[in-house]
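Q: build the 3D model from these lines:
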Amino acid sequence: MTYQIDINNAFLHGDLSPPVSMQQPPGFSADSTLVCRLNKAIYVIGSSLFLVQDFIKQLSLYFALKDLGPLHYFLGIEVSWLKNNSIHLSQAKYIKDLIRRTNMVNSKPQPSPIFSSLRLTDDESVSVDDPTLYQSIVGALQYATITRPEISFSIN
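A: Numbers count the residues shown, from 1 in each chain. Below is the predicted model:
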C-alpha cells in the first residue's frame, strides 16, 4: 500500500531549506559513513506497511506533516485499490477538467481523426491565435496518455 503525506511548506520542486540529509539506501555505496543531501522533495514507497508508517512517524518528529493515508489521487491520476492488491489508474477527472478548460463540454465524441498514412506538410497548416494555449493543451493531452495509451498516435 502506498501512503501519501503532506509536509507543510514543502513544494514538489522547491529547494529544501534548511538542508536535509538522510542515510544512504542499502547498496548505494560501500562507505556507510556517507549520507545523502536532499536537494529536492522525495517520494517514499516501501514494501512493508510497518516500515512506511514508522518512516512517517520519524519524519513527523522533524517536520509538521499531515498523513493523508492510502494514496487515492496524485498529480492528476486517480488511484483505486483493487481486492487482489493491484491498483487501477485513471485520469477521468483530469480529462474532464481539460475538456471544461478548453470549452469542449458540448462537443460530440469522435473516433481518432487522423489516418496513420496521412502526410502533413507545413503549407497545409493554419496558424493558431494563441500558440501558448495550443502548446498547453497538447502537453495536457500528452500527459493523458499515461492512462490512455491508445490516443498517443493522434496526440503526437
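Q: quick one: Gln4 and Leu75 touch, right?
A: No. Counting by Cβ atoms under 8 Å, Gln4 does not reach Leu75; the two are 10.9 Å apart. Yep, even glycine has a C-beta here, placed from its N, CA and C like the rest.
Q: ok, the two, which is more surrounded?
A: Gln4 (17 against 9; other Cβ atoms under 10 Å).
Q: and for Tyr94, the neighbour number?
A: Using other Cβ under 10 Å, Tyr94 has 19 other residues around it.
Q: tell me if it really is in a helix.
A: Yes. Counting by DSSP: H, G, I helix; E, B strand; the rest coil, Tyr94 is found in a helix.
Q: number the chain from 837, please
A: Got it, first residue is 837 now, which makes that one Tyr930.
Q: okay, the closest residue to it other than its chain neighbours and Ala980: tell me how far apart.
A: Closest residue to Tyr930 apart from its sequence neighbours, by Cβ to Cβ, 6 or more residues apart in numbering: Gly912 at 3.8 Å. Here Gly912 is placed at a distance of 9 Å from Ala980 (Cβ to Cβ, to the nearest Å).
Q: shared neighbours of those two, anything?
A: Taking Cβ atoms under 8 Å, 6 or more residues apart in numbering as the contact definition, Gly912 and Ala980 share the neighbouring residues Gln927, Tyr930.
Q: tell me the centre residue of this structure?
A: Geometric centre of the chain, nearest residue: Leu911, 3.8 Å, by Cα atoms, centre = their mean.
Q: report pLDDT for it.
A: Here the pLDDT value assigned to Leu911 is 84.
Q: could you measure from it over to Leu918?
A: Distance, Leu911 to Leu918, by Cβ to Cβ: 20 Å.
Q: likewise Ser953?
A: Counting by Cβ to Cβ, the separation of Ser953 from Leu918 is 39 Å.
Q: ok, Gln971 next?
A: Separation of Gln971 from Leu918 (Cβ to Cβ) stands at 36 Å.
Q: same deal with Tyr839?
A: Using Cβ to Cβ, Tyr839 is found at 17 Å from Leu918.
Q: those two - which one has more neighbours?
A: Tyr839 (17 against 8).
Q: so where do the strands sit in this structure?
A: 839-843, 856-859, 871-874, 901-906, 909-910, 913-917, 923-926 (DSSP state E).
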